[in-house]
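Got a sequence here, can you model it:
(one chain, ligands or ions: 1)
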Amino acid sequence: MDIESARHAFVTGGASGIGRGIAEALADAGVRVTIADIDRPGAETVAATRPGDFTGLGLDVRDRQAWRDAKARSEERFGPVDILVNNAGIGFNGRDFADLDPEVFDRIVDIDLTGVFNGISTFAADLRDRGRGHIVNTASVMALTAGAPGRGAYSAAKSAVVAMSEALRQEMAPHGVGVSVLCPGLVRSNLDGNTTRLGGQVEDVAHIKGDGSLGMDPAEAGARVVHGIARDLPYILTHPHYLSHVDARMDVLRRSFAEAAEFA
Ligand SMILES: NC(=O)c1ccc[n+]([C@@H]2O[C@H](COP(=O)([O-])OP(=O)(O)OC[C@H]3O[C@@H](n4cnc5c(N)ncnc54)[C@H](O)[C@@H]3O)[C@@H](O)[C@H]2O)c1
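All right, here's what the predicted structure looks like:
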C-alpha cells in the first residue's frame with residue numbers, strides 16, 4: 001500500500017526487538033502506531049519516547065476479548081487501523097519432541113500461531129470493508145527451511161503462519177488489502193529473555209543463536225518491513241543467504257517428486 005496514505009498501524013510485540021523496529025520505521029514514514037504488548041509497562045515506555053506518534057497498551061494476543069477492547073481503544077485514539085502487524089511471539093526451547101513438555105508446545109502454538117489468527121480475526125473484516133490496508137504476519141526463515149532438532153514446535157507454528165498468510169493474501173487481494181509474511185533470520189532482540197519471562201522455557205539454544213546480541217539491527221528489519229508493505233511483497237526477507245537453505249530443501253522435495261513419478 002501507499003505508506004503515505006496510511007494513518008494508523010497496530011503492532012503487536014512492539015515493546016521490544018523487531019516489533020519496536022517496525023513501529024519506529026512506520027512512525028518515521030509518518031504513520032501513527034499503537035504498540036500492543038503483553039508487557040504493558042514496556043509498551044507504555046516505548047510509547048512515551050514518541051508521544052505524538054505512538055500509543056501503548058497491554059494486550060495478550062491469546063485473549064480474544066482483549067483484542068476487541070484493544071482495537072476499540074486504539075481506534076478511538078488514532079482512527080481506523082490501516083496496517084496490522086501480528087509480530088508478538090516467543091522462541092523455541094531447544095528440546096527434541098520426545099522430551100518436549102506438551103504445555104510448552106501448546107504455549108508456542110497459542111502465542112506464535114493462534115495469536116496471529118486472533119489479530120486477523122479482529123481486524124481483517126474491517127480492512128476488507130474499507131477496501132484498503134495491509135497485514136504483516138511475523139513468521140521466521142525457519143518456516144521456509146527444513147525443520148531442525150529442538151526447534152520443531154516453533155517451526156511448526158511459524159510454517160502455519162506462512163500458510164495462513166498465503167491464503168489470507170489471496171482472500172484479501174480482490175478487496176485492495178495487501179498481506180505479507182515476514183520471515184526474518186537472526187535479528188538482535190530479547191526473544192529468549194522474554195520467552196522465559198513469560199513462563200516459557202529456553203534450554204540449550206545459546207549454541208544455536210548466541211545470547212541475543214548477534215544478528216541484524218531491528219531498525220533495519222523495520223525498514224525492510226516498511227519497504228515490503230509499500231511494494232506489497234508476499235514474503236519479506238531479511239537475510240538473502242538463506243536462499244541456499246531453501247534450495248537444499250527444494251532439492252530434497254524435487255528428488256521425492258521424481259521418486260514418486262518413477263513408482264509403479
Ligand atoms: N529475533 C530473531 O532472530 C527472530 C527471527 C525470526 C523470527 N522472529 C520472530 O519475530 C517476532 C518478534 O520477536 P523478537 O525477536 O523481536 O523478540 P522480543 O522478545 O524482543 O519481542 C517480542 C515481543 O512480543 C511480546 N510478547 C510475547 N508474548 C506475547 C503475548 N502473548 N501477547 C503480546 N505480546 C507478547 C514480548 O513481550 C516482546 O515485547 C517473534 O514472532 C519471533 O518469533 C525473531
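
Could you report the neighbour count for Asp99?
Per other Cβ atoms under 10 Å, the neighbour tally for Asp99 reads 10. Using the backbone N, CA and C atoms, a C-beta is placed for each residue, glycine as well.

quick one: it and the ligand, what's the gap?
Separation of Asp99 from the ligand (Cβ to the nearest ligand atom, to the nearest Å) stands at 21 Å.

helix or strand right after the one helix or strand in the chain whose mean pLDDT sits lowest?
Sorting the helices and strands of the chain by mean pLDDT, DSSP states H and E puts helix 206-209 at the bottom, at a mean of 51. Next in sequence after helix 206-209, counting helices and strands by DSSP states H and E, comes helix 218-230.

Next SSE downstream of that next one?
Per DSSP H and E, the first helix or strand lying C-terminal to helix 218-230 is strand 235-237.

Mind giving me the packing neighbours of that following strand?
Counting by 3 or more Cβ pairs under 8 Å, 6 or more residues apart in numbering; DSSP states H and E, the packing neighbours recorded for strand 235-237 are strand 177-183, helix 218-230.

Quick check: buried residues in whichever helix or strand comes after that strand?
Helices and strands here follow DSSP H and E; after strand 235-237, the next one along the chain is helix 243-262. Within helix 243-262, the residues scored as buried using 16 or more other Cβ atoms under 10 Å are His245.

ok now helix 243-262, how far from the chain's centre?
Relative to the centre of its chain, helix 243-262 is centred 27 Å away, using Cα atoms, centre = their mean, to the nearest Å.

and that helix, does that touch the ligand?
No - using Cβ under 6 Å from any ligand atom, helix 243-262 stays clear of the ligand, with a minimum separation of 13.5 Å.
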